[in-house]
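A.B. asks: Quick one, fold the following:
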Amino acid sequence: MFGDLNKAQIEAVINENIIGRLACSLNDSPYVVPVSYAYDGQFLYCRSLEGLKTTIMRKNPAVCFQVDTMKEMADWKSVILRGTYEELTNEKERNAAIRKLEARSFPQISSETVKFSKEWPFPTEDYNAIEGIIFRIRINEKTGRCEVMERVTK
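C.D. replies: Got it, this is the predicted structure:
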């Protein structure tokens, strides 16, 4: 059975994950890439090195973000977020975003892309030494869908 997720279910899907798919587009050419994120109820926070996605988002800040959970093919939830890219260059805002990214729960084994410093998994004292672009997505819209397998009971 298909259905819409309510607000609480949407929030749960976003909060239960740390990886989503970021979609951006420029000149009728869409681009989708997986990224890790932190979420505070209003914004998604991400870190990236310079590349195609940052080039595109600087020119067209309208983005879409997708997060999902899947237990099996007939038991899944998917959330779509629409929002606006905001690069954080102000030191206070950038550092606050880094703290949120550092506070995420990670699996026992993490990828190199989520490690901010050589001291990882311990926070670095010098946020200015963290390479890359820190950005957030100002969320304008959240929607969610699901499929739940109907169970037959006797």
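
A.B. asks: Mind listing what's buried along stretch 20-38?
C.D. replies: Applying a neighbour-count criterion of 16 or more other Cβ atoms under 10 Å, one finds 20, 22, 23, 24, 25, 35, 36, 37, 38 buried in stretch 20-38. All C-beta atoms are positioned from the backbone trio N, CA, C, and that covers glycine.

A.B. asks: So the first one: helix, strand or coil?
C.D. replies: Taken by DSSP: H, G, I helix; E, B strand; the rest coil, the conformation at residue 20 corresponds to strand.

A.B. asks: do you know how far residue 102 is from residue 58?
C.D. replies: Using Cβ to Cβ, to the nearest Å, one obtains 25 Å as the distance from residue 102 to residue 58.

A.B. asks: out of those two, which sits in the busier spot?
C.D. replies: Remark: of residue 102 and residue 58, residue 102 carries more neighbours, 19 against 14, as counted by other Cβ atoms under 10 Å.

A.B. asks: where do the helices sit along this protein?
C.D. replies: 7-16, 52-59, 91-102 (DSSP state H).

A.B. asks: I'm done for today, thanks for sticking with me.
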